[in-house]
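Trainee: 3D, please:
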Amino acid sequence: MSEKQAGTRHTAEIGSIKISDDVIATIAAIAVSEVEGVTLVPAVNPTDFRKLMQKARPSRGIKIQFSDDGITIDMQVLIRYGLVVAEQAKLVQDNVVNAVESMTALHVADVNINVVGVSLDAVKK
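Mentor: Purely as a prediction, here's the structure:
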């Protein structure tokens, strides 16, 4: 895999189109939020108070890499207690691929989901 680039370019008849990593990450973050019971975990060091106080971008916690095979998207998520982890992760992968490919016309080679915890939010007692 090649090193991370600052986005990707398309060549059109009248010029080029550049899509930044942040745009792709934001599309992926929104796609994650559409899957019930899954929450994206932002990549913020809890000891960095300044970053914790800044308004969080929805794409924080998503890593984008480009290669000849396409885009690789890495993310960390929480799955709500009571849901089947593998099924929810697969729904996230499918939703992210569909959203990114349909909105950017770029090929997504991989969506790597790292389930880092279980959320107790909205668990019925």
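Trainee: now do residue 25 against residue 82, distance only.
Mentor: 29 Å (CB to CB, to the nearest Å). In this view, the C-beta of every residue, glycine as well, is placed from N, C-alpha and C.
Trainee: between those two, who's got more neighbours?
Mentor: Under the criterion of other CB atoms under 10 Å, the comparison of residue 25 against residue 82 puts residue 25 first, with 21 against 11.
Trainee: return the per-residue confidence for the more buried one.
Mentor: For residue 25, the model assigns a pLDDT of 95.
Trainee: partner strands of the helix or strand harbouring residue 109 and their direction?
Mentor: Here residue 109, judged by DSSP states H and E, is contained in strand 108-119. Sheet pairing for strand 108-119, assigned by DSSP bridges, gives strand 70-80 (parallel).
Trainee: I'd like the next helix or strand past the partner strand.
Mentor: Towards the C-terminus, the helix or strand next in line after strand 70-80, according to DSSP H and E, is helix 85-104.
Trainee: quick one: residue 21 from residue 97, how far?
Mentor: 17 Å.
Trainee: what's the answer for residue 16, then?
Mentor: Going from residue 16 to residue 97 by CB to CB gives 24 Å.
Trainee: looking at these two, which is more packed in?
Mentor: residue 97 (19 against 8).
Trainee: got a list of what that one touches?
Mentor: Counting by CB atoms under 8 Å, 6 or more residues apart in numbering, residue 97 touches 108, 111.
Trainee: again, only using 10 Å
Mentor: 28, 31, 71, 73, 107-111 (CB atoms under 10 Å, 6 or more residues apart in numbering).
Trainee: what about the closest residue to residue 92 other than its chain neighbours, how many residues nearby?
Mentor: The spatial neighbour of residue 92 that comes closest, neighbours along the chain excluded (CB to CB, 6 or more residues apart in numbering), is residue 35 at 5.1 Å. Other residues within reach of residue 35, judged by other CB under 10 Å, total 21.
Trainee: in which helix or strand would I find residue 35?
Mentor: Judged by DSSP H and E, residue 35 forms part of no helix or strand.
Trainee: shaky segments in this structure?
Mentor: Low-confidence segments of the chain, defined by pLDDT under 70: 1-12, 43-59, 122-125.
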